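**Q** Everything below, folded, please.
(chains A and B)
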Amino acid sequence: MTDAALASPQDDPELRKAQEARLEKVWETPKGFRYWSAVNNSEVGIWYTATALAFFLFAGVLGLLIRAQLAVPDNDFLSATFYNQVFTLHGTAMMFLFAIPIFEAVAILILPEMLGARDLPFPRLSAFGYWSFLLGGVFVCGSIFFNAAPDSGWFMYPPLSTDHKQTGIGADVWLLGLSFIEVASIAAAVELIVGTLKCRPPGMRINLMPLYAWYVLVVAGMILFAFPPLIAGDILFEMERMFGWPFFDPSKGGDPLLWQHLFWIFGHPEVYIIFLPAIALLAMIVPTFAQRPILGYSWIVLAAIGTGFLSFGLWVHHMFTTGLPSISLAFFSAASEAVAIPTGVQIFVFLATLLAGRVIYSVPMLYAVGALAIFVFGGLTGVMVALAPFDWQAHDSHFVVAHLHYTLIGGMFFPLIAGIYYYYPFVMDRRLSDRLGKIGFWLLFVGFNVTFLPMHITGLRGMPRRVFTYAEGLGFETLNLVSTVGAFVFAAGVLVVAWDILRPKSKEPYAPRNVWNAGTLEWLSENPGRDWGVRTVPIISTRYPIWQQPNFVRDYDEGRFYLPDAEEGKRETLITSVLDARPIQCLRVPSNTFITMGAAFLTGGAFIAATFYAWTLTIGFSIAALIAIVIWLWTGTAIIPEKKEKDVGLGLKLPLYVSGPDSVGWWAMFITMIGDMSAFASLIFGYFFYWTIHASAFPPAAGVGPGQFWPAVAMALVLASWGAMLLARRANAADSPGALRFWLAGSVVLAIGGGAALLWGPHATGLDPTSHVYPATVWIIAIWTAVHLGVGVIMTLYCLARSVGRKLTAEHDIDIHNVVLFWHFALITMAVTVAVLALFPLAVR
Amino acid sequence: MDSQGDKTIAARGRHWRILAVAAGALVLGGCSGVQSALDPAGFEAREVATLFWVMAIGAGVVWAIVMAIAVYATRIRPDPHEEKVGLRLILWGGVGFPTVVLAGLLVYGLGMMWTLREPGEGLRIDISGEQFWWRVTYRPQDGAAVASANEVRLPVGERVEFALTAPDVIHAFWIPSLGGKVDMIPGRENRLVLQAEKPGVYRGVCAEFCGASHALMAFDVVAMEKDAFEAWLKDQARPAAQASEQARGAELFLNNGCGACHAVSGTEAKGVVGPDLTRFGERPTVGAGLMPNTPDNVARFIRETDTLKPRAKMPAYGALKPDELQAIAGYLGSLK
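**A** Modelled structure (predicted):
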């Protein structure tokens, strides 16, 4: 590296200065009200983190209200109905508005620079996700000020929560508000997966990735498989609430347990979706303060992946008391115990790294050790409740409240605070106070244990969860009072830390560069930070380049790697290949815009209007949102560059426009569709769940159902539509726009016909979805598939318009590749739909 | 210097002792109660309490070892150990040790599951969890079914089978002193077998969140010697006692429409919506474990149902005069 650099143009300090000025200008953060049009990861990441922390404080206040109410027996501080809103919203906000979003927030904030990238590949998507999160979160939380918050628990079990007489608009707020946020979470997951896979610096092969990036990959992948089942569940749920489709109504063949399955197929992985990113922060902190590389890199990576996989096989341990057969309890007990092993490996990797290093004690380390003490305890009580016979006693008691707070506060909150103390200088240029950090730690640590340690006993003494009061004389009084005192001590600790974060620091000196003497790329950043993110995209050959690559920081500062300049005044970052990080493209990254904020608010408007069953408004907002998204895509994606290639430095020329599997857009579509398929799979799971519980009545006897004729017609038309798309792609490659447009138009017509035929089947055979769960299930699967065909039609029309507008050509063909990829998945969806709805009844009769 | 240091250490030692005693009192004090899984009075509860103590001690040891390693590595700060040592720690601490311990625990813990789930021996009790009370029906093998509510009596030493259902929303049936809980799910019937080992009065609760008054949905459990229980159950077939001095209360009860929802056998009150009150006077509590069954509390419950038990189906009879309420309460108390 250094030899080649000797003759480099970067030797000229004047040139370097000019480059830096150009980079500054291109990446400059907008001022004034335009600040809110920023899409760059640094700004969006900070907003995201701050908003998630604000929701944490809000949910924390709700937690204090709970503890205040339970301080003494027969308390009337809160009414029963208000208490039920408070505990529901406490859990809901902590999970959906704090614990999950904070992962995405922190990842958006630190991942790009950790990968030596200037931004993530879809900055506007991050911004869209953020604005959706903000609006949805405020909507859900705000409901409590109108006494309209959800009040049937964050798990929303039907039939209590499907019953309009018992639950008001709160249930709809929960379902629609959170569905909206879940969609945003999935968008962020797609962004992070593509970012990790495609935006790594040259040479950073997958086995050299920082551990944090590995965890991001694992967790974002888990979101992709865990959230869609909940969205599918939400759809079934709202169809029952709004239109009386009896998915969970046993009097019409439904079953409340299906919701529990779908909820916990989401809900258990969700625990690890919260826990793993926090462990990822520790995986960066521990090596820094042990002053050595992590010991057992492959151990911890495999353990993280193993935890991710196993977490999908444990959901039934939330349902041990629902009366399932012993054999399934035994299976899920064993699986739940097994997850302790990869979790243990991760913890012992940290201990081993500390033992093999020279430990520097610091505030982040203090929180890390506190996290370990609390989390290991929570893990051990987890081993207890994983055993079905013990769980029969502990389940839904305060023992579980204690257990889950030990795992989440130990496994997520303390590591997060460790991460905040560690990364604060990276993000905000100055250090947090060691003194306040220590005071805060002891208040938090003592307050936490005083709150939750006695709760184990409270629970085993027989106090159930989710009770707004308890009677005197049952042995709960002292324990509850102690817990309440502890909660307020904990809250004092939160205030100290919050003050440390928020207090004005402009008079304090900047932190020195790489203040902790860490080894990973993000610590190349200077204080005060520069808007460009990274000076130059480095070449990586080790896991801790600052420690292990000679002259690394100097070469970096002098721009001796890739993309040291912004000659054309465009935002750019490097795209590399998935496994071995070969450079393959110089990606032009979209810049600031208000369109994403508009699209997010319009989409949110549609969800919020639906909460009030205001259908005209819902449709109006949906159309407006669609228009906004099309404008966003039209003006901001697949932009044709002014030249084919660009010299990115070190004599390397890279294309500016790449399509198909090399491009980030193709990957984003592929990954999104994986998530989409898991939602579809959940609906199909529902169909077969009803089949297993009803034996002969589901599907019913011949003559009832969508029949075979119309599904067969639909299948044929959709197959033809898909074929037309393949021909369209071929016509485009042959540079024949006339044929391209002909086939696109043909595909649209065929797809519309296919969708109509698919819906005509159940309609023609008179299936009434409100009469029984069978017709409801048939309809929901058919509608799901028809909606996908509709989305496909819109995308195909978009391609048609792009072709007419000369934005889709033989050379510039991103759009058609991505849309064909969508059609592959739509065809699979269609084939499965027809097989299940039309063929399966023949097979079982 | 030294002596002062000694003093501080001694003082600190004293503090620790006080703390330890306090903590001990907190924990052990927890072992007595009518609703405590740590004070078992049934076969399952006893087995599971033992399992808990075994696991709790094991967990304490494991936690102490892990924390000792962490404190050693971060606070005592030894010279760096060889990587070989660290890798061995990962292998044995992270994989070897937990695998062995968890396998043993699974054999022990899951092994008891089949014993606990063996079917009952004769008496079946149907329990229906309803917002926010318990419908109880005894189904002895020989003899007619007996209706009751908010109180469960069972013979000591017999494996009694409970059939658990719910007509409205999900509830869960939990008597911590006797054993674990089982959900009551609309559209399904779940089974639970419990065996009381000690005669006594215990308390059961609803463990699954079921709406506004979930916290106020409890019931009394009376474990009786087998003979006493048989005699009691036989006696239930007889209609409720009708004392002549309670005639006014009985009349008010019927005239105010109470019989539309409640049943009192041998009278015109034949309602099935609310709890059967045939033996109400025998029950320890009023309002499903809400308050002790005294005439004043019964009168209060009838007058202020909506505030005492939010969203309960029973309307509050606030318009009744105090002496009318007393008369009804007196009548109900006399039903034995």
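**Q** got the domain boundaries for the chain?
**A** By default, I'm working from chain A. A:43-502, A:691-844 (automatic domain parsing).
**Q** Hmm, no, I was thinking of chain B.
**A** B:1-27, B:31-78+B:118-237, B:244-334.
**Q** tell me the most buried of the domains of chain A?
**A** Using mean count of other C-beta atoms under 10 Å in any protein chain shown, the stretch among the domains of chain A with the largest mean neighbour count is domain A:43-502, at a mean of 22. C-beta coordinates here come from the backbone N, C-alpha and C atoms, glycine included.
**Q** end to end, how far does that one reach?
**A** Taking C-alpha to C-alpha, to the nearest Å, domain A:43-502 runs 17 Å from one end to the other.
**Q** starting at the chain centroid, how far to that domain?
**A** Counting by C-alpha atoms, centre = their mean, to the nearest Å, domain A:43-502 is centred 12 Å from the centre of its parent chain.
**Q** before we move on, back to that, make TSV out of the domains of chain B and add mean pLDDT.
**A** Converted to TSV, the domains of chain B look like this (pLDDT from 0 to 100):
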stretch	mean pLDDT
domain B:1-27	49
domain B:31-78+B:118-237	95
domain B:244-334	95
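**Q** export the domains of chain A to CSV and tack on distance to chain B and mean pLDDT?
**A** Formatted as CSV, the domains of chain A follow (distance: least, C-beta to the nearest C-beta, whole Å; pLDDT from 0 to 100):
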stretch, distance to chain B, mean pLDDT
domain A:43-502, 2, 96
domain A:691-844, 9, 95
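**Q** Out of those, which is closest to residue B:130?
**A** Between residue B:130 and those, the tightest spacing by C-beta to C-beta is seen for domain A:43-502, at 12.7 Å.
**Q** thinking again about what came up before, go through the domains of chain A and name the closest to residue B:293.
**A** domain A:43-502 (14.1 Å).
**Q** all helices for the stretch 1-150 of chain B, in order.
**A** B:2-29, B:43-71, B:83-89, B:97-116 (DSSP state H, counting those that start in this stretch).
**Q** pretty sure residue B:179 contacts residue B:44?
**A** Yes: counting by C-beta atoms under 8 Å, residue B:179 touches residue B:44, with 3.2 Å between them.
**Q** burial of residue A:620, as a residue count?
**A** 15 (other C-beta atoms under 10 Å in any protein chain shown).
**Q** The one 5 residues further on too?
**A** Burial of residue A:625 is recorded as 20 neighbouring residues (other C-beta under 10 Å).
**Q** Which helix or which strand is home to it?
**A** Using DSSP states H and E, residue A:625 sits in helix A:615-636.
**Q** Contacts only, for residue B:278.
**A** For residue B:278, the residues meeting the contact criterion (C-beta atoms under 8 Å, 6 or more residues apart in numbering or on different chains) are B:147-148, B:236, B:239-240, B:263-266, B:335.
**Q** Rebuild the residues you listed as CSV, extending it with secondary structure.
**A** What follows is the contacts of residue B:278, written out as CSV (DSSP: H, G, I helix; E, B strand; the rest coil):
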residue, secondary structure
B:147, strand
B:148, strand
B:236, coil
B:239, coil
B:240, coil
B:263, strand
B:264, coil
B:265, coil
B:266, coil
B:335, coil
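**Q** Which of those sits closest to residue A:13?
**A** residue B:148 (93.2 Å).
**Q** Which stretches in the stretch 201-336 of chain B count as strands?
**A** For the stretch 201-336 of chain B, the strands defined by DSSP state E, counting those that start in this stretch cover B:218-224, B:285-286, B:291-292.
**Q** Can I get the first one as CSV, trimmed to CA atoms?
**A** By that I understand strand B:218-224. C-alpha atoms of strand B:218-224 as CSV (Å, rounded to 0.1, in the frame of the first residue of the first chain):
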residue,chain,number,x,y,z
ALA,B,218,-60.3,-15.2,43.0
PHE,B,219,-61.9,-18.2,44.8
ASP,B,220,-61.7,-20.1,48.0
VAL,B,221,-60.3,-23.6,48.1
VAL,B,222,-61.2,-25.9,51.0
ALA,B,223,-59.3,-29.2,51.2
MET,B,224,-61.3,-31.6,53.5
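**Q** on that earlier part again, anything in contact with each of residue B:179 and residue B:44?
**A** A:392, B:116, B:194.
**Q** Next, format the residues you listed as TSV and append distance to residue A:282.
**A** Below are the shared contacts of residue B:179 and residue B:44 laid out as TSV (distance: C-beta to C-beta, whole Å):
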residue	distance to residue A:282
A:392	34
B:116	40
B:194	45
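**Q** any idea which helix or strand carries residue B:183?
**A** Counting by DSSP H and E, residue B:183 is part of strand B:182-184.
**Q** Any chance you could list what contacts that strand?
**A** By C-beta under 8 Å, 6+ apart, strand B:182-184 touches A:321-323, A:392, B:127-129, B:162, B:164-166, B:170-173, B:190-192, B:208.
**Q** Could you give the separation of stretch B:290-301 from the chain centroid?
**A** Worked out by C-alpha atoms, centre = their mean, stretch B:290-301 lies 21 Å from the chain centre.
**Q** got a list of contacts for it?
**A** By C-beta under 8 Å, 6+ apart, stretch B:290-301 touches B:216, B:218, B:280-281, B:283-287, B:308-309, B:322, B:325-326, B:328-330, B:332-333.
**Q** re the thing from before, residues of the helix holding residue A:625 that come out buried?
**A** Neighbour-count burial for helix A:615-636, counted by 16 or more other C-beta atoms under 10 Å in any protein chain shown, picks out A:618, A:621-622, A:624-625, A:628-629, A:632-633, A:636.
**Q** The residue in the stretch 201-336 of chain B that chain A sits nearest to and residue B:291, how far apart?
**A** For the stretch 201-336 of chain B, the residue closest to chain A is residue B:215, as judged by C-beta to the nearest C-beta, at 3.5 Å. Distance, residue B:215 to residue B:291, using C-beta to C-beta, to the nearest Å: 14 Å.
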